[in-house]
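In: okay, here's the prediction I keep looking at, along with the sequence it came from:
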Amino acid sequence: MTQSEYDQKDLNNYEKLQNEYKKLLTEHDELKSDNPQNTELEEKVKKLTEKHKEIQDLSSKLF
């Protein structure tokens, strides 16, 4: 693959991660508004943190 193909692949992955993060954030907000004491909130926060880290890592690679 050429460099631009690798770059495009990374960019597509970056966009995918951002969309996954937005979805998780929406799910978290819905859970929180339904029941702030919901035990699933902690798990959502962990997933959000992991996705955020992936986005940061890829972002530093791209930019």
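Out: Sure thing, it's come through. Numbering: from 1, shown residues only.

In: every contact and neighbour count from this point should use C-alpha atoms.
Out: Noted.

In: what about the residue positioned nearest the centre of the chain, which helix or strand?
Out: Closest to where the C-alpha atoms of the chain average out (C-alpha atoms, centre = their mean) is residue 21, at 2.9 Å. Residue 21 belongs to helix 3-34 when assigned by DSSP states H and E.

In: and that helix, what does it pack onto?
Out: Under the contact definition 3 or more C-alpha pairs under 8 Å, 6 or more residues apart in numbering; DSSP states H and E, helix 3-34 sits against helix 40-62.

In: run the angle between the helix it packs on and helix 3-34 for me.
Out: 160 degrees (axes from the mean of the first three to the mean of the last three C-alpha atoms, to 10 degrees).

In: contact partners for residue 23?
Out: Residues near residue 23 by C-alpha atoms under 8 Å, 6 or more residues apart in numbering: none.

In: spit out the contact partners of the residue nearest to the centre of the chain.
Out: Counting by C-alpha under 8 Å, 6+ apart, residue 21 has contacts 48, 51, 52.

In: what about the first one, neighbour count?
Out: With neighbours defined by other C-alpha atoms under 10 Å, the count for residue 48 comes to 19.

In: test my guess that it contacts residue 24.
Out: Yes. Between residue 48 and residue 24 there is a contact under C-alpha atoms under 8 Å: 6.4 Å.

In: using the three-state scheme, assign residue 37.
Out: Under DSSP: H, G, I helix; E, B strand; the rest coil, the three-state class of residue 37 is coil.

In: any idea how far it is from residue 46?
Out: 16 Å (C-alpha to C-alpha, to the nearest Å).

In: please apply the same query to residue 12.
Out: Using C-alpha to C-alpha, we find residue 12 at a distance of 23 Å from residue 46.

In: what is the neighbour count of residue 37?
Out: 11.

In: for it, grab phi and psi.
Out: Main-chain dihedrals, residue 37, degrees, to the nearest 10: phi -100, psi 10.

In: list the contacts of residue 28.
Out: Residue 28 touches 41, 44, 45, counting by C-alpha under 8 Å, 6+ apart.

In: the last one - nearest residue in space that isn't next to it in sequence?
Out: In space, not counting the residues next to it along the chain, residue 45 is nearest to residue 28; the distance is 7.5 Å by C-alpha to C-alpha, 6 or more residues apart in numbering.

In: I'm done for today, thanks for sticking with me.
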